[in-house]
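Trainee: using only what follows, build the 3D model:
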Amino acid sequence: MTQIHVLNGPNLNLLGVREPEIYGSTTLADIEARLKEVAPEGVSIVLKQTNYEGGLVELIHDAREIAAGVIINPAAYTHTSVAVLDALKMLDVPVIELHLSNPHTRETFRHHSFVSPVATGIVAGFGASGYELALKGILALIGH
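Mentor: The predicted structure is shown next:
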């Protein structure tokens, strides 16, 4: 079974209630259900979320040996975490950086990403449907 890890950073557990005008009304559970629904046979979706930087680093470490690809929405850690960058550097699989909103249309501090230099691709600004786009991208990159 091919595993795709979908890792989510801080405050994404509150999707659907947190600033719906920016992030939409879809919950993380809705996103997980949809990804599992559209994943082709033989592909397992492992979706995890943490509000802690070290927790996100550990999720990346866990993916190192078992994931065929990683989709990561690091949320605020996109703009602040060298630790997340260093963990992602250790992956030997495609990485898609994902954002629900387009960070470049928001506050200036959101324009810099520590993740982008190591990401194979970036999906931003498509709301919850960005997760499906990222999944399609990862599957194409791994030849599935």
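Trainee: in this protein, which spans are strands?
Mentor: With DSSP state E as the criterion, the chain has strands at 2-8, 43-49, 67-73, 95-99, 121-124.
Trainee: Leu133: which of those is closest?
Mentor: strand 121-124 (5.0 Å; C-beta to C-beta). In this view, the C-beta of every residue, glycine as well, is placed from N, C-alpha and C.
Trainee: dump the strands of the chain into CSV; add mean pLDDT, distance to Asp30 and mean neighbour count as well.
Mentor: Converted to CSV, the strands of the chain look like this (pLDDT from 0 to 100; distance: least, C-beta to C-beta, whole Å; neighbours: other C-beta atoms under 10 Å):
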stretch, mean pLDDT, distance to Asp30, mean neighbour count
strand 2-8, 98, 13, 23
strand 43-49, 98, 11, 18
strand 67-73, 98, 14, 25
strand 95-99, 97, 15, 25
strand 121-124, 97, 17, 18
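Trainee: turn these into a markdown table, including distance to Gly24.
Mentor: Converted to a markdown table, the strands of the chain look like this (distance: least, C-beta to C-beta, whole Å):
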| stretch | distance to Gly24 |
| --- | --- |
| strand 2-8 | 14 |
| strand 43-49 | 16 |
| strand 67-73 | 13 |
| strand 95-99 | 12 |
| strand 121-124 | 14 |
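Trainee: kindly list the single helix or strand of this structure that scores lowest on mean pLDDT.
Mentor: helix 20-23 (a mean of 69; mean pLDDT, DSSP states H and E).
Trainee: if we can go back for a sec, nearest to Glu32, out of the strands of the chain?
Mentor: Between the strands of the chain, strand 43-49 lies closest to Glu32; by C-beta to C-beta that is 4.3 Å.
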